[in-house]
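In: make a model of this:
(chains A, B, C and D, ligands or ions: 4)
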Amino acid sequence: MIELKDVSKVFQNGVEALLNINLHIGREEFVFLVGPSGAGKTTLMKLLYREESPSIGEVIVDRIKVNEIKEEQIPFLRRNIGVVFQDYKLLLRRTVYENVAFALQVTGAPRSQIRRLTMQALELVGMVKRAKSFPNELSGGEKQKTCIARAIVNNPPILLADEPTGNLDPQTSWDIMELLDKINRRKTTVLVSTHNKNIVDGMKKRVVAIEGGRITRDQQLGMYSQQ
Amino acid sequence: MIELKDVSKVFQNGVEALLNINLHIGREEFVFLVGPSGAGKTTLMKLLYREESPSIGEVIVDRIKVNEIKEEQIPFLRRNIGVVFQDYKLLLRRTVYENVAFALQVTGAPRSQIRRLTMQALELVGMVKRAKSFPNELSGGEKQKTCIARAIVNNPPILLADEPTGNLDPQTSWDIMELLDKINRRKTTVLVSTHNKNIVDGMKKRVVAIEGGRITRDQQLGMYSQQ
Amino acid sequence: MSKATDVEFFIIEAIRGIGRSPLMSFVAIGIVTVTLTIFGFFLLGVVNLGNVVSGMAAKLDLTCYVDRDLAPRDAAELQLKLSKMEGVEKVTYYSKDDSWKSFKQDYSGKLELSEVVSDNPLPNTFAVKVRNPEVLPQVAKNISQMSEIDEVRYSGKLLGQVKHFVDVIRLAGFVFVLLLFFATLLIVVNTIRLTVLARETDIYIMKLVGATGSFIRWPFVIEGILIGVAGGILAVVLLRGSYDALAFKIASAFPFLPVVSDAFLLNFIFISVALCGTVLGMIGGYISVSRLIKNA
Amino acid sequence: MSKATDVEFFIIEAIRGIGRSPLMSFVAIGIVTVTLTIFGFFLLGVVNLGNVVSGMAAKLDLTCYVDRDLAPRDAAELQLKLSKMEGVEKVTYYSKDDSWKSFKQDYSGKLELSEVVSDNPLPNTFAVKVRNPEVLPQVAKNISQMSEIDEVRYSGKLLGQVKHFVDVIRLAGFVFVLLLFFATLLIVVNTIRLTVLARETDIYIMKLVGATGSFIRWPFVIEGILIGVAGGILAVVLLRGSYDALAFKIASAFPFLPVVSDAFLLNFIFISVALCGTVLGMIGGYISVSRLIKNA
Ligand SMILES: Nc1ncnc2c1ncn2[C@@H]1O[C@H](COP(=O)(O)OP(=O)(O)OP(=O)(O)O)[C@@H](O)[C@H]1O
Ligand SMILES: Nc1ncnc2c1ncn2[C@@H]1O[C@H](COP(=O)(O)OP(=O)(O)OP(=O)(O)O)[C@@H](O)[C@H]1O
Ligand SMILES: [Mg+2]
Ligand SMILES: [Mg+2]
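Out: Ligands and ions are numbered 1, 2, ... in the order given. Modelled structure (predicted):
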């Protein structure tokens, strides 16, 4: 489903965020991406939905060479990839409901469906009560939940979650992880970047560790740290 | 140093974020503020530096009635309170160095001092290498570190850290906590809101738990959860 | 791409876009209003100047002399004949007796002409007003070929000057209105661009969650149109009000200045101004968002 | 509050502020330039109109008649005396012989006057041009009291009309320039406000980390001034270039129109336009940031 071949990413300011990455993630897999701050986790995800392009190498998502598609194709690629952004990226002038609904709106879904799916997603993350709030009226965790709801609302075949529990309490974090697991079992490929040791250790999934832009470990049923 | 007397905060949309809060934090104390998402932790902190005003009750910081001071006095209050914002609040058009230096600049510090103190703060959080980067060129953890550097740069008597390790890996989180502890031992009052169970349990400090806007627990040498 | 639900969504989005940053929208509408008002004043000014010039030109007339005595009936017949000629607007007849009387009056005190000249030496005169200065030479030629008329005179030099003046005023007015149109375009487009630039982040996020360029663009274009329409209508209200007041003032202060009050022409100008606002708003929305869509 | 290091910081901040959002700044400068250019054209237009009107007024003169024969020496003496009177600009002498000659020429063909009138019936004439139309009645009175002069004439009605016209043009010009000034103010202030509004978040964050209102305000005010100065200078460059070209065109097309070319007056206008830009920019920066500082 996801494949990176000899990918490197050097930013304009000279930072080598990714170096010679080779990674294959199969259909319907659940993978944790771990590593210290600045390791390159977010950058790797950005390559998948073409927010960034690799300096060298090839990025393939769902048999499409992401780094080669035309500008006009990008929106359609992105509709197949739900993303929980590390910094939420909510539209500040829209309510929680509108933010989530927007991801369906762009696909041209009919109105009744938009309403049903949006409420369903808000239900799943427990944000129905805050549906009419604007982002600046939300707590940190509530913003994060909204972002998660938006990522899953159109039931995409691929879900990228970048530090989805950074602002959530342990209980809610577990709830979210169970949600992601359930989504994964419904045949969605899930890639989660996280610093949450307890969760990684408890979930017993494949763990890809990255450090200084290089993959240092790739382990089935892995833990947050080596061993 | 910090005192809240019968404080309640009801937002315009009717959300009761804080209810009848009574809290005293002494000079040079180190306190963890814990509680689920939306409990009111951030709102409590916002009252201290007058980003929000209480609906009823009295907020006293360093013998000043914060809810009664005049508009013109607010900047001077804020210079005595270093804040690590949950959502960083970095100036996007300024580099890491400039963001940190700005907190000194506003106090009218001489240039040589600005330079020295800024570099020192960046050193402490390990961001010297990224000093010339703009916020959108930083990883999530790097933004968080920058925000921490800005909060401590002018050595304020009070430090509020709202979820300061949400985007940091466990090792860096511990380093930051040790830094906060060191700052606390240098006679700074420190209030940290966090969801990080491991850290709260490991630090053995006073823990104030808040839930649904009410204080549910206030415990010396406390743990993240009851018992 | 644009289904009915989309269209509805775009329009609602546009209206809410204005509602979400009302201050910016008001400021933008204000700038558009002011700019279009200035533009409208220019248009009205040019039209009025054209009117004044035509008025001047209209005062140019031919003078036709008939030396022999004319019976009133013959004179009336000739007057009718002249007034039926092509390009002629009006013919006024001054009999030789009338002319002599007014001549004597003009020179009374200075020159006791009646004392020395007993017989009236002046000819009968027809003053012929033409419809527009261009046809003057042709009309003069036609009249001079009539056997009844002894001589035709008109000021060729003055005519040339007036014609030249009319041409230059027309050209200058055209060029100026064109320049002002571009200035207006620049201001309106850039004003809307400024409001769009402020939402750079929004556009970026929209693209990240899978919105196509046109999906993002439409609401902005519609918002631009709404701003343009609002500015245009306000400008027309301002123009109408002040023009009516001003025209009345000028007309009563200078009865000799021909102020344009042709309802059709004025409405045409007002509608043009409002449409200008609309089109400029649309262009503004389109251009400004295009750049951001490309970059994001 | 504003120490030397602060001032330096503010200026550097302002320059970098422009550098940080160059597109917005360019757009803002563009709008300011266009608006000030239109304003400048209006100023130039009003000044020129005033000049034309003064020109018209200057053509108003007194006619003084002396019936008796005048020896050339006496005439010259009288001419000198008249020209030394207060308010008098120029005196031209037409002897009765000259007048008679031109009269006969005017009426040649029409009236063989010389055949019937042998003796010249016309008086000697002094045409007196006054410095400005206001003093005309007084000068006329003074001259009519001179024993050498038999009669003084001037067109009171025309004078009244011209005076009225001058007054109205002056008032209208003043009002129009004032209105346009406010329109310019509105556009410039709001343009800068738009650029500031786009940085609402920045201002909010600055306040959160302890910046005082004035600390935040200064860089924006300076940025406004820089935008205003840039726009003002560009407008002056545009105005200079096009005015020189235009003035030349008009002067050669209509030699009778008095185009203003007084370097001092023109420079005064140009400097005014540039200063306007500066002041408006300053006001724009100040007003727009004030509101945000209050709200944040
Ligand atoms: N747009 C950019 N321009 C320049 N450098 C960048 C850019 N984006 C990221 N970087 C750098 O690339 C490195 C990897 O960043 P990335 O965001 O992928 O880290 P991360 O693993 O997600 O870290 P974190 O856990 O803190 O979010 C960092 O050192 C960062 O400073
Ligand atoms: N400006 C606001 N307007 C309206 N409601 C608000 C506003 N700010 C916060 N709230 C609401 O107040 C409640 C408390 O928010 P607060 O940010 O204090 O929570 P928190 O304890 O910091 O949560 P988290 O751990 O998720 O950051 C939340 O339910 C939130 O939706
Ligand atoms: Mg990251
Ligand atoms: Mg919070």
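In: count of residues packed around the residue in chain A that chain D sits nearest to?
Out: When scored by CB to the nearest CB, chain A has A:Leu92 as its residue closest to chain D, at 9.1 Å. Yep, even glycine has a C-beta here, placed from its N, CA and C like the rest. Neighbour count of A:Leu92, defined by other CB atoms under 10 Å in any protein chain shown: 14.
In: contact partners for it?
Out: The contact partners of A:Leu92, by CB atoms under 8 Å, 6 or more residues apart in numbering or on different chains, come to A:134-136, C:201-202.
In: which SSE is it in?
Out: Here A:Leu92, judged by DSSP states H and E, is contained in no helix and no strand.
In: which one among the contacts of A:Leu92 gets closest to C:Trp218?
Out: Minimum distance to C:Trp218 across these is 14.3 Å, recorded for C:Asp202 (CB to CB).
In: for ligand 3, what's its nearest residue on the stretch 151-296 of chain C.
Out: Ranked by CB to the ion, the top residue of the stretch 151-296 of chain C for proximity to ligand 3 is C:Leu208, at 15.1 Å.
In: and that residue, how many neighbours?
Out: Neighbours around C:Leu208, by other CB under 10 Å: 20.
In: hang on, it packs against A:Val83?
Out: Yes - using CB atoms under 8 Å, C:Leu208 is in contact with A:Val83, at 7.1 Å.
In: quick check: the residue of chain A closest to chain D vs chain B, distance?
Out: 12 Å (CB to the nearest CB, to the nearest Å).
In: can you tell me how far that residue is from ligand 1?
Out: 21 Å (CB to the nearest ligand atom, to the nearest Å).
In: repeat that for A:Met177.
Out: Taken as CB to the nearest ligand atom, the span from A:Met177 to ligand 1 is 18 Å.
In: does that residue really touch A:Leu168, like I thought?
Out: No - with contact defined as CB under 8 Å, A:Met177 does not reach A:Leu168; the gap is 9.9 Å.
In: for the chain, what spans make up the strands?
Out: No chain was given, so I picked chain A. A:2-10, A:16-25, A:30-34, A:56-61, A:64-65, A:81-84, A:158-162, A:189-193, A:206-211, A:214-219 (DSSP state E).
In: let me rephrase: I mean chain C.
Out: C:61-66, C:88-94, C:124-130, C:151-153.
In: save the ones you listed as JSON lines, and put in mean pLDDT and mean neighbour count too.
Out: Formatted as JSON lines, the strands of chain C follow (pLDDT from 0 to 100; neighbours: other CB atoms under 10 Å in any protein chain shown):
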{"stretch": "strand C:61-66", "mean pLDDT": "77", "mean neighbour count": "20"}
{"stretch": "strand C:88-94", "mean pLDDT": "83", "mean neighbour count": "17"}
{"stretch": "strand C:124-130", "mean pLDDT": "80", "mean neighbour count": "20"}
{"stretch": "strand C:151-153", "mean pLDDT": "76", "mean neighbour count": "15"}
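In: which residue packs closest to A:Val128, ignoring adjacent ones?
Out: A:Leu122 (4.9 Å; CB to CB, 6 or more residues apart in numbering or on different chains).
In: number of residues surrounding the one you found?
Out: 23.
In: got any ranges where the chain has weak pLDDT?
Out: Picked chain A for this. Scanning chain A for pLDDT under 70 picks out A:227.
In: oops, I was thinking of chain C
Out: Across chain C (using pLDDT under 70), the flagged ranges come out as C:1-5, C:52-61, C:102-121, C:133, C:154-166, C:169-170, C:253-258, C:295-296.
In: roughly how far does the residue of chain A positioned farthest from its centre sit from A:Thr118?
Out: What lies farthest from the middle of chain A is A:Ser112; by CA atoms, centre = their mean that is 26.6 Å. The gap separating A:Ser112 from A:Thr118 is 11 Å, by CB to CB, to the nearest Å.
In: count the residues that sit near residue 182.
Out: In the absence of a named chain, this looks at chain A. Neighbours around A:Lys182, by other CB under 10 Å: 11.
In: ah, no, chain C please
Out: The burial count for C:Phe182: 11, using other CB under 10 Å.
In: contacting residues for it?
Out: Counted by CB under 8 Å, 6+ apart, C:Phe182 has zero contacts.
In: can you rerun that using 10 Å?
Out: C:Phe182 makes contact with D:Val34 under the criterion CB atoms under 10 Å, 6 or more residues apart in numbering or on different chains.
In: which one is whichever residue of chain C sits closest to ligand 2 nearest to, not counting chain neighbours?
Out: Residue of chain C nearest ligand 2, by CB to the nearest ligand atom: C:Arg20 (16.5 Å). With CB to CB, 6+ apart as the criterion, C:Arg20 has its nearest non-adjacent residue at 4.0 Å, and that residue is A:Arg93.
In: quick check on that neighbour: phi, psi?
Out: phi -90, psi 10 (degrees, to the nearest 10).
In: verify the stated contact: it with C:Met24.
Out: No - the criterion here is CB atoms under 10 Å, and A:Arg93 misses it with C:Met24 at 11.2 Å.
In: intersection of neighbour lists for the two?
Out: Contacts common to A:Arg93 and C:Met24, judged by CB under 10 Å, 6+ apart, are C:17, C:199.
In: so those two - more neighbours on which side?
Out: C:Met24 (24 against 17).
In: from ligand 3, how far off is that one?
Out: 33 Å (CB to the ion, to the nearest Å).
In: report the central residue of chain A.
Out: For chain A, the residue nearest the mean C-alpha position is A:Leu160 (2.0 Å; CA atoms, centre = their mean).
In: hmm, I was thinking of chain C
Out: Centrality entry for chain C: nearest residue to the mean C-alpha point is C:Val47, 2.0 Å, by CA atoms, centre = their mean.
In: that one touches C:Leu265, doesn't it?
Out: Yes - using CB under 10 Å, C:Val47 makes contact with C:Leu265 at a distance of 6.6 Å.
In: who's A:Lys65 bridged to?
Out: With DSSP bridges as the criterion, A:Lys65 is bridged to A:Ile60.
In: can you convert the strands of chain C into TSV and add a column each for distance to B:Gly141?
Out: Listed next are the strands of chain C as TSV, based on distance: least, CB to CB, whole Å:
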stretch	distance to B:Gly141
strand C:61-66	91
strand C:88-94	88
strand C:124-130	88
strand C:151-153	97
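In: which one of these lies nearest to A:Glu16?
Out: strand C:124-130 (85.9 Å).
In: in its sheet, what does that closest one sit against?
Out: Strand C:124-130 has these strand partners (DSSP bridges): strand C:61-66 (antiparallel), strand C:88-94 (antiparallel).
In: in a markdown table: these, plus distance to D:Glu86.
Out: Listed next are the strands paired with strand C:124-130 as a markdown table, based on distance: least, CB to CB, whole Å:
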| stretch | distance to D:Glu86 |
| --- | --- |
| strand C:61-66 | 43 |
| strand C:88-94 | 44 |
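In: within range of ligand 4, give me the residues from chain A.
Out: For chain A, the contact set with ligand 4 under CB under 5 Å from the ion comprises A:139-140.
In: give me that answer again for 8 Å
Out: Taking CB under 8 Å from the ion as the contact definition, chain A meets ligand 4 at A:139-141, A:167.
In: is stretch C:23-36 positioned near chain A?
Out: No - using CB under 10 Å from any CB of the partner chain, we find that stretch C:23-36 stays clear of chain A, coming within 11.2 Å at best.
In: and that stretch, which residues are buried?
Out: C:24-25, C:27-36 (16 or more other CB atoms under 10 Å in any protein chain shown).
In: the nearest residue to C:Leu266 once chain neighbours are set aside: what's it in contact with?
Out: Nearest residue to C:Leu266, sequence neighbours excluded (CB to CB, 6+ apart): C:Val260, at 6.9 Å. Residues near C:Val260 by CB under 10 Å, 6+ apart: C:44, C:47-52, C:243, C:247, C:266, C:269.
In: what parts of chain A come near chain D?
Out: Checking chain A against chain D by CB under 10 Å from any CB, the hits are A:Leu92.
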